[in-house]
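Novice: What shape does this take:
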Amino acid sequence: MPNPNAGLIPHYPIAVPDPPTWPSLGPEDKAALKERIRRLLAERDAVLVAHYYTDGDLQELAEETGGYVADSLEMARFGSTSPASTLVVCGVRFMGETAKIINPEKRILMPAQEATCSLDEGCPIDTFGPFCDAHPDRTVVVYANTSAEVKARADWVVTSSIALPVARHLHDQGQRILWAPDKHLGRYVQQMTGADMLLWPGSCVVHERFKGFALERLRRLHPDAAVLVHPESPADVVEQADVVGSTTRLIQAVAEMPNETFIVATDEGIFWKMRQQAPDKRLIAAPTAGVGATCESCAHCPWMAMNALQNLEAVLLAGRPEIEIDPAIRERALLPIQRMLEFARERGIGRRGAAD
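Specialist: The predicted structure is shown next:
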């Protein structure tokens, strides 16, 4: 379905940072650093929550200390049930903001509060708000990868694990949708549900890099491999997938499918959990470039890479800066998030072991 208003939305060039270079740590130094962080977590009454796209050391430490490794929907849920007074969010800023929106009484710390997201950056409230005002007949549905201000303007917040069920629900009610910010995920949802959707033209700088023609060539080299794709990827990549789904769904697929080899089109940070769940499976990163490129597969978010053991220790030592949100914005942003979580609870969506 064409998007007649897409050309009216300004394009926001995203300044993508170079991935940070952290000093290499030998086994003894790393073990000592992790032990200091464990001690600090206990002293600060803090729990560590890490996204699947962060470094494997952080994911491992989160699980070892009673924290959680998850996608953004499960991170939101865990933060609301943990008794800890401080949540340390290893991810990008919108994840820390979401934790604060749901848990205003808790201290929210992030190792890299400056870590943002291309989807968030490409959908600023000063343009998105007027765009919504110009289409008052549409239900505003925004992806979780957005600022607190954009969430506060929405009717629904969704993650990739719940986007399809929510869109089907709204479509069945006869509602027309204004979707932001990821155009690839929006197009996929639109195609799968038949919903009337007006798409904001944003994209993820990581998933945008996957190349359909290069993936087709790789599939010929590995004809028995199953192709796992996140729906933020371009259409010619999604069309070749055996499984299209959220990070949690793709991890489940590696563990459950009989294939020995998988080609994975999402951030390479997911490989740590996939190898933990299915150590005997062979994982191949989907290509992000064509013939002659210096990097055939470079799918790792530079903002996620800003999280490391070193700045995790630093933020625990300092106890700041905290994530802060204007109370009025927080109250408005909480409503569409609560709507999503209640919808998920009613339908058993997103819990590990449940369908995404």
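Novice: helices and strands of this structure: which one has the lowest mean pLDDT?
Specialist: Least confident element among the helices and strands of the chain, by mean pLDDT, DSSP states H and E: helix 72-81 (a mean of 79).
Novice: starting at the chain centroid, how far to it?
Specialist: Between the centre of helix 72-81 and the centre of its chain there are 13 Å (CA atoms, centre = their mean, to the nearest Å).
Novice: strands paired with the very next helix or strand once past it, and their directions?
Specialist: Counting by DSSP states H and E, the element after helix 72-81 in chain order, helix or strand, is strand 86-90. Strand 86-90 pairs in its sheet with strand 46-51 (parallel), strand 107-109 (parallel), by DSSP bridges.
Novice: Give me the contact list for whatever helix or strand comes next after the last one.
Specialist: Downstream of strand 107-109, the first helix or strand assigned by DSSP H and E is helix 118-121. Residues from elsewhere that reach helix 118-121, judged by CB atoms under 8 Å, 6 or more residues apart in numbering: 12, 14, 16, 92-94, 143, 145-147, 150, 181-182, 202-205. Bear in mind the C-beta positions are built from the backbone N, C-alpha and C, glycine included.
Novice: please redo it, this time with the cut-off set to 10 Å
Specialist: Contacts to helix 118-121, defined as CB atoms under 10 Å, 6 or more residues apart in numbering, come from residues 12-16, 92-94, 97, 142-147, 150, 180-183, 185, 200, 202-208, 232, 301-303.
Novice: Then stretch 163-173?
Specialist: Stretch 163-173 has contacts (CB under 10 Å, 6+ apart) with 139, 141, 143-144, 155-159, 162, 175-177, 179, 182, 185-186, 188-190, 192-197, 231, 244-246, 339-340, 343-344, 347, 349-350, 355-356.
Novice: Okay, and which of those residues map to strands?
Specialist: 139, 141, 143, 156-158, 177, 179, 197, 244 (DSSP state E).
Novice: who does the least confident helix or strand of the chain touch, helix- and strand-wise?
Specialist: On a contact count with 3 or more CB pairs under 10 Å, 6 or more residues apart in numbering; DSSP states H and E, helix 72-81 meets strand 46-51, strand 68-70, strand 86-90, helix 93-102, strand 156-158, helix 247-256, helix 327-347.
Novice: Reformat the ones you listed as a markdown table; add mean neighbour count and distance to Pro279.
Specialist: Formatted as a markdown table, the helices and strands packed on helix 72-81 follow (neighbours: other CB atoms under 10 Å; distance: least, CB to CB, whole Å):
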| stretch | mean neighbour count | distance to Pro279 |
| --- | --- | --- |
| strand 46-51 | 26 | 20 |
| strand 68-70 | 23 | 16 |
| strand 86-90 | 27 | 23 |
| helix 93-102 | 25 | 28 |
| strand 156-158 | 27 | 32 |
| helix 247-256 | 20 | 10 |
| helix 327-347 | 16 | 30 |
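Novice: That concludes my questions; thank you for your assistance.
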